[in-house]
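Q: Quick one, structure for this:
(4 chains)
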Protein chains: 2
Amino acid sequence: MDNKGRYAYEGLDRILHEKARLGIMTSLLARSEGLLFNHLKELCNLTDGNLSRHLQVLHQAQLIEIFKGFDKKRPQTLCRLSSEGRERFLAYLEELERVVRDAATSAREAPAGPGGVPSGWMPA
Amino acid sequence: MDNKGRYAYEGLDRILHEKARLGIMTSLLARSEGLLFNHLKELCNLTDGNLSRHLQVLHQAQLIEIFKGFDKKRPQTLCRLSSEGRERFLAYLEELERVVRDAATSAREAPAGPGGVPSGWMPA
DNA sequence: TCAAAAGGCTTTACAGCACAAAGTATTTCT
DNA sequence: AGAAATACTTTGTGCTGTAAAGCCTTTTGA
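A: Predicted structure coming up:
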């Protein structure tokens, strides 16, 4: 079998492949005009500090843009997907789809298997 | 909007949501009889130490079973999905599918957006 | 009018984790 | 007998997700 690397999934970008950031990016993908800090915080069930840190990471990676403004007198932060961010996220999603398809296929084709200790082997 | 937590994806189990382990689990799902250490190593493009560590984690979490045996005189390690592992992985995959669907829907429905600085805002 | 609370984030601290490099033990080759 | 190969495991290090604490301004309340 030359299946070497068949399941390596190298397209799963470390920065994007992270629960919280996946949520952030998906939220932003739905709203091309951007989302406010607090709205994002609620959508993703994140704490202030947590969200702040993830936005920093995404911003440094050029995946999102961050804008500062005011609502009345209170500071506000607006986050928006950069066009590079959109592209890279869509690419990431394609790989993710591959994972899901691979697994679905396997689950369908391979029976659940009997369990028990295979003969000639010892449980670890 | 009561969309609170809409994009929190809490079903994304930390142990499973990891590039390398995703590959391992998907490989194992395809082969209910199990896979040998070295085969798995190739399929997932992992180093010995790396694979060893991930198997440890998956084993401690009861997601896989590990058996020791011999091929001629050489030690061999066989890895197999436990039934709990199969269940939990399938559950994880359902959540993953939700992510992909959410994103696909958004990408289709939301236009790419114009870019440029929104008026009244300052780039960070 | 002046302290106290609320809003809107940032910074800090730390535990946990992935990964690479080095190590161990046995076996086969020369 | 020594060297190389096989099959992993253990150790060490640097990164990073997360909670807790901090900071500054604005609003509220007595």
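Q: Grab the most central residue of chain A for me.
A: Geometric centre of chain A, nearest residue: residue A:22, 2.8 Å, by Cα atoms, centre = their mean.
Q: does residue A:50 sit in a helix, a strand or a coil?
A: Following DSSP: H, G, I helix; E, B strand; the rest coil, residue A:50 is assigned to helix.
Q: Just confirm residue A:104 is within a strand.
A: No. Looking at residue A:104 with three-state DSSP, it is helix, so not inside a strand.
Q: Any buried residues in the helix or strand in which the residue nearest to the centre of chain A is found, and which?
A: Assigning secondary structure by DSSP states H and E places residue A:22 in helix A:19-30. Within helix A:19-30, the residues that qualify as buried by neighbour count (16 or more other Cβ atoms under 10 Å in any protein chain shown) are A:19, A:20, A:21, A:22, A:23, A:24, A:25, A:26, A:27, A:28, A:29, A:30. For every residue, glycine as well, the C-beta is placed using N, CA and C.
Q: Pipe those into JSON lines and attach distance to residue A:9 and pLDDT per row.
A: Output for the buried residues of helix A:19-30, formatted as JSON lines (distance: Cβ to Cβ, whole Å; pLDDT from 0 to 100):
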{"residue": "A:19", "distance to residue A:9": "16", "pLDDT": "94"}
{"residue": "A:20", "distance to residue A:9": "20", "pLDDT": "95"}
{"residue": "A:21", "distance to residue A:9": "17", "pLDDT": "96"}
{"residue": "A:22", "distance to residue A:9": "15", "pLDDT": "96"}
{"residue": "A:23", "distance to residue A:9": "20", "pLDDT": "96"}
{"residue": "A:24", "distance to residue A:9": "21", "pLDDT": "96"}
{"residue": "A:25", "distance to residue A:9": "18", "pLDDT": "97"}
{"residue": "A:26", "distance to residue A:9": "19", "pLDDT": "96"}
{"residue": "A:27", "distance to residue A:9": "24", "pLDDT": "96"}
{"residue": "A:28", "distance to residue A:9": "23", "pLDDT": "96"}
{"residue": "A:29", "distance to residue A:9": "21", "pLDDT": "96"}
{"residue": "A:30", "distance to residue A:9": "25", "pLDDT": "93"}
